[in-house]
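1. sequence below, structure please.
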Amino acid sequence: MTINIRATEASTTAEPLDILALYRIMATARVTNDIMKIRKTQGRFPFYIGCAGHESMAAVAAALNQDDWMALYYRDLAAWLQRTGDIYGPFREAYSRTTGPMCAGRNMPSHYSSKRHRILPTFSEVGALAPFAGGVGFSLKWHKTKDIIMFSIGDGGVATNDFNVLFRQAAVHKLPILIVVEDNAWAITTPSAIQWEGSLVDWAKGGGVYAEEVDGTNAMATYESSVRLVDHVRSGQGPVLMHLRLGLLDPHSSSTDIRAYRTKEEIELTMATKDPVKNFGHWLVENGYLQEGDIERIRKEVRAELESAEAQVLQEPEPAAERVLQHVVYVPKWQENIPRGTKKQLPMLGAINEALVELAQRDPDFFVYGQDVGSPKGGVFGATANLVTQLPGRAISSPLNEQLIVGIAAGAGMIDGKARCAEIQFVDYHQSAAQTIRMAARVSYQSFGDWTVPLLIRTKSGSGGGGPISSGGAGGGAFGHSNAGEQWFTSIPGMITICPATPFDAKGLLLEAARAQSPVVFLERGRLYRSEPPKDSQGNMIAAMAEYWNVPDGYYTLPIGKARRMRIGNGPTSIAIISWGTMVLESCTAAANSVNRNGGAIEVIDLRTLAPFDEDAVTAAVREANRVIVVTEEYDLTSFGRHLHSWIVQNCFYDLDATPTFISALPAPAAPYNAPEETAFYPTAKTIEKKIEELLAE
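-> The predicted model follows:
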């Protein structure tokens with residue numbers, strides 16, 4: 001028997017609700033939960049986190065359209081079932097089967113995810129999905145669609161930075177998002193009262209988001225409220241927060257003893273009054289939709305169906321160890337293209353401006369989002385000035401919150417697989433967004449390739465000033481403005497890190513980076529924004545580099561992961577200097593000065609891409625020269641430069657005639673503000689020249 005009940009308001013866009021189907025979904029979630037608990041106890045798999053008490057989330061999901069997006073909490077099994085109808089999926093993930101629809105057995109169970117069903121990948125880090133959900137909402141509004149996104153989280157998650165980022169994203173941009181706070185009164189063993197003070201509804205309204213409290217133990221009340229609140233969002237009235245009051249019928253997880261932190265009386269009261277499945281069953285019987293015996297009949301039917309599904313899942317393949325490195329990072333396959341536009345001399349800042357305009361012209365959905373980027377000046381450095389002038393509305397000024405910025409760009413890219421650009425003024429400031437950046441880099445691996453996060457993060461890095469350190473004097477950046485920063489990103493699996501040294505490379509690599517399906521951080525050295533080509537001690541421009549200040553008009557790309565090898569001098573190379581960014585200019589100056597004095601040739605390898613770096617080019621250069629210097633602007637504390645130096649020792653040991661030399665900034669927090677200390681902080685051409693002479697003398 002199917003019974004449809006239309007939503008209570010005539011204006012609703014919701015489909016008629018089949019209340020018996022809804023009850024069966026909720027019962028299926030509960031029985032699945034019961035089976036999973038037993039199997040965990042039997043040692044069939046190592047972990048399970050329950051949904052008992054949260055089954056009314058099926059009613060929230062039922063109020064959405066199939067094209068709406070969902071970002072689910074780990075207790076949202078009922079919402080998963082309501083959207084997908086997939087009873088096999090939870091078993092496949094619990095038993096780590098390759099057929100698992102959420103992550104192919106790669107993550108713990110209850111991490112709901114499906115690109116096909118528009119369910120964003122859930123993270124173990126509570127609240128971490130929130131900034132991405134805001135980015136999805138931003139894209140939905142950008143496209144003027146009627147689709148919305150529902151984001152759910154537990155009461156403990158409300159206290160996280162991630163949740164507060166989402167709240168500000170939603171409020172500032174009036175995003176089409178329904179935020180559901182599933183308050184079961186417990187954040188692991190801590191009462192929810194410690195997560196916020198006063199009324200959550202009042203707090204939300206005070207921040208510009210409409211909010212209501214809803215009784216989540218009553219499935220019909222939850223559905224009717226959800227329909228009304230979804231219509232509020234869909235009609236363009238802005239975001240909504242639903243404070244859904246629930247009861248937790250299980251411990252936090254299979255690793256927690258419920259009796260260790262909750263009183264017997266509180267547990268019994270919760271079981272008696274806050275069970276949404278039992279309460280809904282009573283309501284159906286009292287209103288004549290079911291007979292008393294139907295409740296047990298449905299439960300038995302559901303259990304038989306689930307046990308049959310479980311038996312099938314147990315016959316399906318488990319992951320093989322050989323796949324452990326699949327779906328870590330996606331570097332775009334480069335197709336050689338010859339720049340055909342007229343060349344003109346440009347500083348790096350001009351080349352970046354041109355690249356951003358090219359990307360926006362080629363993709364109507366591309367935008368740059370960051371602090372001050374939409375101002376007439378084009379941000380504090382002017383990198384978006386051309387975009388602001390030529391394509392108004394495509395450079396968008398953000399609130400002053402780096403996690404918010406990265407979340408908007410990352411979430412928007414997840415919808416359609418096209419990168420948007422997040423600008424962070426100084427690389428030091430990325431640290432408030434560190435978790436969101438790590439999660440973005442992990443998504444493709446966690447979801448076994450179902451999801452990707454194309455994301456372009458541009459940021460000023462390294463010392464200030466107006467050119468090479470040897471000629472530019474002190475920059476005065478000091479703390480918060482002077483870190484090189486590469487070590488923060490090259491240590492993240494799944495992240496691509498690029499640091500160009502020339503305007504030609506900056507434009508070509510930026511255009512190619514937008515094609516990547518993995519997140520890319522694009523480190524723009526502040527000293528190179530307006531620099532000229534490097535010169536030797538006699539004032540002569542170094543020809544090997546000078547040509548790369550000539551930048552073609554129009555679109556061209558350069559390969560990610562390929563270094564540039566530049567020979568300075570004639571004859572066999574005596575030393576290979578490996579560097580990137582500003583240090584390439586310093587290295588070329590040092591090499592030219594040495595060759596002018598001593599003759600011979602020195603090769604400078606500009607890595608350009610730091611992760612993944614060009615292992616073949618490094619190996620070939622070391623084999624030819626037999627002596628190597630690694631030069632980095634980082635301080636030497638687990639830096640990327642030190643990693644590269646170690647890699648050379650490990651992989652090229654028998655090609656070396658001398659110990660590889662390593663040159664870095666000093667091991668202090670950052671370059672001091674005053675000129676004498678800042679000048680002493682960084683390597684310069686003179687530093688490198690001295691090491692060249694020492695190596696040649698060995």
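2. ok, which stretches of the stretch 151-300 of the chain are helices?
-> Here the stretch 151-300 of the chain has its helices, by DSSP state H, counting those that start in this stretch, at 161-173, 200-206, 219-232, 264-273, 276-286, 292-313.
3. just the buried positions in the shortest one, please.
-> Put plainly, it is helix 200-206. 200-201, 203-204 (16 or more other CB atoms under 10 Å). Every C-beta, even on glycine, is put in place using the N, C-alpha and C of the backbone.
4. can you give the contact residues for that helix?
-> 158, 167, 181, 183, 196, 210-213, 241, 243 (CB atoms under 8 Å, 6 or more residues apart in numbering).
5. tell me which residues in stretch 343-362 are buried?
-> 346-360.
6. could you dump the helices of the stretch 151-300 of the chain to JSON lines with mean pLDDT and distance to N550?
-> Shown next, in JSON lines, are these (pLDDT from 0 to 100; distance: least, CB to CB, whole Å):
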{"stretch": "helix 161-173", "mean pLDDT": "97", "distance to N550": "41"}
{"stretch": "helix 200-206", "mean pLDDT": "96", "distance to N550": "55"}
{"stretch": "helix 219-232", "mean pLDDT": "98", "distance to N550": "56"}
{"stretch": "helix 264-273", "mean pLDDT": "89", "distance to N550": "72"}
{"stretch": "helix 276-286", "mean pLDDT": "97", "distance to N550": "68"}
{"stretch": "helix 292-313", "mean pLDDT": "97", "distance to N550": "61"}
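7. hmm, back to that, from the buried residues of stretch 343-362, which land in helices?
-> 348-360 (DSSP state H).
8. dump those residues into TSV; add distance to T687 and pLDDT as well.
-> Output for those, formatted as TSV (distance: CB to CB, whole Å; pLDDT from 0 to 100):
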residue	distance to T687	pLDDT
M348	23	97
L349	27	96
G350	30	97
A351	28	98
I352	28	98
N353	32	98
E354	34	98
A355	32	98
L356	34	98
V357	38	98
E358	37	98
L359	37	98
A360	41	98
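9. grab the nearest non-local neighbour of G157.
-> G127 (4.1 Å; CB to CB, 6 or more residues apart in numbering).
10. check contacts around the one you found.
-> 153, 157, 160-163.
11. if we use 6 Å, what do you get?
-> By CB atoms under 6 Å, 6 or more residues apart in numbering, the contact set of G127 is 157, 160, 162-163.
12. quick one: neighbours of E307, just the number.
-> 13 (other CB atoms under 10 Å).
13. next one: it relative to K300, how far apart?
-> 11 Å (CB to CB, to the nearest Å).
14. could you do S491 as well?
-> 53 Å.
15. compare those two (neighbour count), which wins?
-> Neighbour count, other CB under 10 Å: between S491 and K300, S491 has more, with 15 against 11.
16. check what pLDDT that one gets.
-> At S491, the pLDDT value in this model is 96.
17. one more: T2?
-> 45.
18. shaky segments in this protein?
-> Under the criterion pLDDT under 70, the flagged ranges of the chain are 1-14, 465-474.
19. give me the three-state assignment for the residue nearest the centre of it.
-> Among the residues of the chain, the one closest to the centroid is A440, at 2.0 Å (CA atoms, centre = their mean). Here A440 is recorded as helix under DSSP: H, G, I helix; E, B strand; the rest coil.
20. quick check, it in contact with I457.
-> No - checked against CB atoms under 6 Å, the pair A440 and I457 is beyond contact range at 9.0 Å.
21. who touches stretch 401-412?
-> Here stretch 401-412 has contacts from 131-132, 134-136, 138-139, 165, 169, 369-370, 398, 420, 422, 424, 429-430, 432-433, 436-437, 440, 453, 455, using CB under 6 Å, 6+ apart.
22. with stretch 389-396 instead?
-> By CB under 6 Å, 6+ apart, stretch 389-396 touches 357, 360, 367-369, 373-374, 384, 387-388.
23. can you give me the helices for the stretch 551-698 of the chain?
-> Under DSSP H, counting those that start in this stretch, the stretch 551-698 of the chain gives helices at 582-598, 615-625, 640-652, 675-681, 685-697.
24. highest mean neighbour count out of those helices?
-> The highest average neighbour count among these, using mean count of other CB atoms under 10 Å, belongs to helix 582-598 at a mean of 26.
25. picking up where we left off before, if you look at the contacts of stretch 401-412, which of them are in strands?
-> Members of the contacts of stretch 401-412 lying in strands (criterion: DSSP state E): 369-370, 420, 422, 424, 455.
26. okay, the residues you listed in JSON lines with distance to G449 and neighbour count next?
-> Formatted as JSON lines, the ones in strands among the contacts of stretch 401-412 follow (distance: CB to CB, whole Å; neighbours: other CB atoms under 10 Å):
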{"residue": "Y369", "distance to G449": "26", "neighbour count": "24"}
{"residue": "G370", "distance to G449": "29", "neighbour count": "28"}
{"residue": "R420", "distance to G449": "21", "neighbour count": "27"}
{"residue": "A422", "distance to G449": "23", "neighbour count": "34"}
{"residue": "I424", "distance to G449": "28", "neighbour count": "24"}
{"residue": "L455", "distance to G449": "16", "neighbour count": "33"}
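27. out of the residues you listed, who's nearest I49?
-> Comparing the ones in strands among the contacts of stretch 401-412 against I49 with CB to CB places L455 closest, at 28.8 Å.
28. phi and psi next, for the nearest residue to that closest one once chain neighbours are set aside.
-> Among residues not flanking L455 along the chain, P519 sits closest, at 4.1 Å (CB to CB, 6+ apart). Torsion angles at P519 (phi, psi; degrees, to the nearest 10) stand at phi -60, psi 140.
29. now do the one 5 residues further on
-> In terms of degrees, to the nearest 10, the main-chain angles of E524 are phi -110, psi 110.
30. determine which of the helices of the stretch 551-698 of the chain approaches R44 most closely.
-> Among those, helix 640-652 sits nearest to R44 (CB to CB), with 41.0 Å.
31. what's the closest one in contact with?
-> Counting by CB under 6 Å, 6+ apart, 486-487, 490, 610, 619, 622, 630, 632, 634, 636, 660, 662, 664 sit against helix 640-652.
32. and the buried ones among those, selectable in PyMOL?
-> In PyMOL, this line selects whichever of the contacts of helix 640-652 come out buried by 16+ other CB under 10 Å:
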select buried, resi 486+487+490+610+622+630+632+634+660+662+664
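33. now do the SS call for the nearest residue to A441 once chain neighbours are set aside.
-> The shortest distance from A441 to any non-neighbouring residue, by CB to CB, 6+ apart, is to G494 (3.6 Å). Judged by three-state DSSP, the three-state class of G494 is coil.
34. what number of residues lie near G494?
-> 22.
35. that one and S139, how far apart?
-> 22 Å.
36. state the distance from K37 to F151.
-> 27 Å.
37. burial measure for the closest residue to A591 other than its chain neighbours, as a count.
-> The shortest distance from A591 to any non-neighbouring residue, by CB to CB, 6+ apart, is to I602 (4.0 Å). Neighbour count of I602, defined by other CB under 10 Å: 26.
38. ok, now R30?
-> R30 has 25 nearby residues by other CB under 10 Å.
39. so it: helix, strand or coil?
-> Applying three-state DSSP: R30 is helix.
40. pretty sure it sits against K278.
-> No - using CB under 6 Å, R30 is not in contact with K278; the gap is 9.1 Å.
41. which of the ones in strands among the contacts of stretch 401-412 lies closest to P317?
-> L455 (32.5 Å).
42. who does the closest one bridge with?
-> R420, P519 (DSSP bridges).
43. list the contacts of it.
-> 409-410, 413, 419, 440, 519.
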